[in-house]
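Undergrad: Give me a model of this one.
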Amino acid sequence: GITPDDIKTWDDFRNRIPLLSKKDLLKDQEENPPYGSRHCVPKEEMRMIHITSGTSGLGQEIYFLTQKDVLYMARCAATALTAAGVEKGDLAAHLWPLATMTGGWCLLEGLKFIGANPMPLFIFDTKSKIEHLLKYNPDFLCTTPAYLNRITVLCEDMGIEPNRAFTNLKSIMLST
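TA: Numbers count the residues shown, from 1 in each chain. As a prediction, this is how the structure comes out:
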């Protein structure tokens, strides 16, 4: 029952527009499992599910993406990857986890959108990852700052000088 003409001041906005909180989203999801009642497309159009990390301690909301959303996600990631120097045909060592969190999937979709060749290594232990990195000598690497440090330390423990061993590596993307 509110129209744009009803909102003239900040107080009008604050007092007349109902706000949606994280608690509201979690309650809706609990009462209408598994997605809640707030989705705007039929479930046949859902293509990917993401779950938040729940770092606030309030739990994890579920979000879904349609095919259009996945394409948009891929284009956004491709923009960042292209800025990082990733090109079509590049071999990309993907060390971010692929699970229900968005980051790893976003990067994977972006790499595919560019035409790079993703090499998901997240399932291996660190020593096995290093062995794969040595064997395939990727053009691009994505990981977190702490894990890059772990890889570097283990390489040194194994007698490997990363700056000499990974001669094709032209770019590293870091994210927390």
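
Undergrad: tell me the SS of residue 156?
TA: With DSSP: H, G, I helix; E, B strand; the rest coil as the basis, residue 156 sits in helix.

Undergrad: what about it, how many neighbours?
TA: 11 (other CB atoms under 10 Å). Quick note: C-beta positions are derived from backbone N, CA and C, even for glycine.

Undergrad: How much space separates it from residue 10?
TA: Per CB to CB, to the nearest Å, residue 156 is found 57 Å from residue 10.

Undergrad: Name whatever forms a beta bridge with the residue lying closest to residue 35 once chain neighbours are set aside.
TA: Excluding the flanking residues, the one nearest residue 35 by CB to CB, 6 or more residues apart in numbering is residue 62, at 5.6 Å. On DSSP bridges, the residues paired with residue 62 through beta bridges are residue 51.

Undergrad: could we number from 27 for the rest of this?
TA: With 27 as the first residue, the last one maps to residue 88.

Undergrad: measure residue 88 to residue 60 for me?
TA: 6 Å.

Undergrad: Looking at these two, which has the bigger crowd around it?
TA: Remark: of residue 88 and residue 60, residue 88 carries more neighbours, 17 against 10, as counted by other CB under 10 Å.

Undergrad: that's a helix at residue 65, yeah?
TA: No. Counting by three-state DSSP, residue 65 is not found in a helix; it is coil.

Undergrad: Name the nearest residue to it, ignoring sequence neighbours.
TA: residue 90 (6.4 Å).

Undergrad: Just name whatever secondary elements the stretch of helix or strand the one you found belongs to is in contact with.
TA: According to DSSP states H and E, residue 90 maps onto strand 88-92. Packed against strand 88-92 by the contact rule (3 or more CB pairs under 8 Å, 6 or more residues apart in numbering; DSSP states H and E) you find strand 72-77.

Undergrad: Which SSE is immediately downstream of the host helix or strand of residue 40?
TA: Using DSSP H and E, residue 40 sits in helix 36-42. Once the chain leaves helix 36-42, the next helix or strand it forms, by DSSP H and E, is helix 48-57.
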